[in-house]
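> Structure of the sequence below:
(2 chains)
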Amino acid sequence: MRMLTFANRNAKEIIRDPLNLFFGLGFPLVLILLLSAIQANIPVELFKIDSLTPGVTVFGLSFMTLFSATIIAKDRNSSLLQRLYTSPLSAIDFILGYTLPIIPIAIAQCVICYVVAFVLGLTPTLNVLWAILLIIPVSLLFISLGLLFGSILNDKQVGGICGALLTNLSAWLSGIWFDLNLVGGAFKKIAYLLPFVHAVEMERSVLAGDYSNILPHLLWVLGYSIVTLVLSVVLFLRQMKKQ
Amino acid sequence: MIAIKIKNLTKHYRDVIAVDNLSLDIEAGKLVALLGINGAGKTTTIKMLSCLTKPTSGNAYLFEKSICNEILAVKSLIAISPQESAVAPNLTARENLKLICGIHNFSKQKTEQKINELVALLKIDSIIDRKAGKLSGGWQRRLSIAMALISEPKILFLDEPTLGLDVIARSDLWNIIRSLKDKVTIILTTHYMEEAESLADKIAIMANGRLLLYDTAENIKNIAKAENFEQAFITVVKGVQK
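Next comes the predicted model:
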């Protein structure tokens, strides 16, 4: 009950910020529309709607990191967390309260991207439902990153690290906007050591019904999600003690 | 009855001694001001008493509950209104109050009752449905105090409650704080001499983490042989610095 009250507050804080709505929902849609328009004029395999949409749904999650990190950093900065640390809320209430409300937002973002993709010609199949379902472990990874950065950075630093660096990293190293084989070498190796490209390829495989290709990518995503979640919990608890 | 018993409370941050062997007793229902220049140890003392920071050594008992070993029991007795606004900015003032009620598991009926009570006490009815982040500093402080009072604490910590407020807002807030005296034990930190003198039953002057004097404003003036309280404070603090 306590945790849900806190989670409800966090959801309201995020949803009521117009910038969050623009970046969380508007920006991924702009990307789908813009790149589909490019695709219509200059056909690029990567920008076909069934390849582009899973990529954008993953890229859009980098804004969930920004939401999650920003709200925690702001709560630390405004001393709201200090006030709440003297309340009966437990450490687990805080962690769940910051994590859970962003999952439905991430799912909503994914659903909206697919609705627009249907309008642009994507064939509605059962695989879309699986793609939306499998966005949950990916969103956990991005939300955990937010918990992690929000625990160690102030709100200005969060803007730089999550708003600029992470969105760029998840864009370049995910194979959404260009084929990683075009760069190859160390760049491609690094990309495949990170979770972003695996998340995108997993979503593309799900949508294509290529089920045998899902598990290896899912394991990468789950591995990173678990490690990031554990690390973020440790760092959150550390800053809680530092109060 | 003793509300707070502080025994040799000490806090070190690496090689800095933030609070040094602090001992004092605070009676229930009284308002005590912790007064000192920057770095005196006021905020660290409040953080230790409210279980936000563990003491390096020593202990304190809030209504006989130890801040070291009985943290949950202590938390049920206290509330804090921190130095910064500490409100949820995109929530209305009413939603902020509801948030705290929810965190304390109040029923719907009790939530409504407490909100109505505090709206009347802190005279925040005109801003109750406005977003907290859009309120002026004075209104945010009132809301912050209302959020602290909602759990019916026995001990209330007010960390620099009037910092940055204009004269009228400060005066209004003083009246509110005065109205709480005798009902709640209040520990208030401040930089403002007149605030401590006007509000506090007793004043603890701190410097470099140490307690220099703990007495009424009148007695402190007599001890320092000063005409006014500000002069007395300067004499006490400079005396130590020499």
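> what's the neighbour count on residue A:196?
For residue A:196, the neighbour count with other Cβ atoms under 10 Å in any protein chain shown is 29. The way it works is simple: take the backbone N, C-alpha and C, and place the C-beta from them, glycine included.
> nearest spatial neighbour of it, skipping sequence neighbours?
residue A:174 (3.8 Å; Cβ to Cβ, 6 or more residues apart in numbering or on different chains).
> and what of residue A:213?
Nearest non-adjacent residue to residue A:213 (Cβ to Cβ, 6+ apart): residue A:205, at 4.0 Å.
> That neighbour is in what secondary structure piece?
helix A:195-208 (DSSP states H and E).
> by contact count, what packs against the next helix-or-strand element following that helix?
Using DSSP H and E, the helix or strand that follows helix A:195-208 in sequence is helix A:214-242. Packing contacts for helix A:214-242, counted by 3 or more Cβ pairs under 8 Å, 6 or more residues apart in numbering or on different chains; DSSP states H and E, involve helix A:91-99, helix A:126-152, helix A:195-208.
> For residue B:32, which of the ones you listed is the nearest?
Nearest to residue B:32 among the helices and strands packed on helix A:214-242 is helix A:91-99 (30.7 Å), distances taken as Cβ to Cβ.
> Could you name the helices and strands sitting against that closest one?
By 3+ Cβ pairs under 8 Å, 6+ apart, helix A:91-99 packs against helix A:2-15, helix A:62-77, helix A:126-152, helix A:214-242.
> Now it: average pLDDT?
Averaging pLDDT along helix A:91-99 yields 92.
> mind listing what's buried in that helix?
For helix A:91-99, the neighbour count (16 or more other Cβ atoms under 10 Å in any protein chain shown) marks A:93, A:94, A:95, A:97, A:98, A:99 as buried.
> show me what contacts the fifth one?
Residues in contact with residue A:98, defined by Cβ atoms under 8 Å, 6 or more residues apart in numbering or on different chains, are A:7, A:10, A:68, A:71, A:72, A:146, A:147, A:150.
> The closest residue to chain A within chain B: neighbour count?
Here chain B gets closest to chain A at one residue, residue B:102, 3.0 Å apart by Cβ to the nearest Cβ. Number of residues near residue B:102 (other Cβ under 10 Å) recorded here: 19.
> what are the phi and psi angles of it?
For residue B:102, the backbone dihedrals (degrees, to the nearest 10) come out as phi -60, psi -40.
> Find me the pLDDT at the closest residue to residue A:44 other than its chain neighbours, would you?
Nearest residue to residue A:44, sequence neighbours excluded (Cβ to Cβ, 6+ apart): residue A:38, at 7.0 Å. We have a pLDDT of 87 for residue A:38.
> host element of the residue nearest the centre of chain B?
Geometric centre of chain B, nearest residue: residue B:158, 2.2 Å, by Cα atoms, centre = their mean. Taking DSSP H and E as the criterion, residue B:158 maps to strand B:155-159.
> Which strands or helices does the strand or helix carrying residue A:32 pack on?
Using DSSP H and E, residue A:32 sits within helix A:27-41. Under the contact definition 3+ Cβ pairs under 8 Å, 6+ apart, helix A:27-41 sits against helix A:49-59, helix A:102-119.
> between that helix and helix A:62-77, how many degrees?
160 degrees (axes from the mean of the first three to the mean of the last three Cα atoms, to 10 degrees).
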